[in-house]
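>>> sequence and predicted structure below; questions after.
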Amino acid sequence: MVSNEIRNNAAALGVLMHQVGNEQAALIRIVRSNLAAAADTAEEMERNLVVPRPAAQATAEEPEVIEDNEFKEAM
């Protein structure tokens, strides 16, 4: 899911923390914090996402429509 991708990118940036100076590390912390917030938002959206069923599946489960004249013939 998208939220996992965002979290993975934030983790990847964390690896750089010990390879940069203090100012760059501070910027990386801010970006990681923003990515964590974006991941939380994406996760919430993913939980509430309604995925539509494919048309073939939707029609297979719909009740059969009986025409009025077919109903009269059956009686």
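Yep, it's here. Numbers count the residues shown, from 1 in each chain.

>>> the helices in this structure, which residues?
2-15, 22-48, 55-61, 68-74 (DSSP state H).

>>> okay if I get the ones you listed as JSON lines plus mean pLDDT and mean neighbour count?
Backbone N, C-alpha and C define where each C-beta goes, glycine included. JSON lines is the format used below for these (pLDDT from 0 to 100; neighbours: other CB atoms under 10 Å):
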{"stretch": "helix 2-15", "mean pLDDT": "94", "mean neighbour count": "14"}
{"stretch": "helix 22-48", "mean pLDDT": "95", "mean neighbour count": "13"}
{"stretch": "helix 55-61", "mean pLDDT": "62", "mean neighbour count": "8"}
{"stretch": "helix 68-74", "mean pLDDT": "53", "mean neighbour count": "8"}
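
>>> pick out the residue closest to the middle of this protein.
Closest to where the C-alpha atoms of the chain average out (CA atoms, centre = their mean) is E46, at 3.4 Å.

>>> ok, now which ones touch the closest residue to that residue other than its chain neighbours?
The shortest distance from E46 to any non-neighbouring residue, by CB to CB, 6 or more residues apart in numbering, is to M1 (5.2 Å). By CB atoms under 8 Å, 6 or more residues apart in numbering, the residues touching M1 are 42-43, 46.

>>> go again with 10 Å.
Contacts for M1 (CB atoms under 10 Å, 6 or more residues apart in numbering) come out as 7, 39, 42-43, 45-47, 49.

>>> same deal with S3?
Applying CB under 10 Å, 6+ apart, the residues near S3 are 38-47.

>>> fine, thanks again, bye for now.
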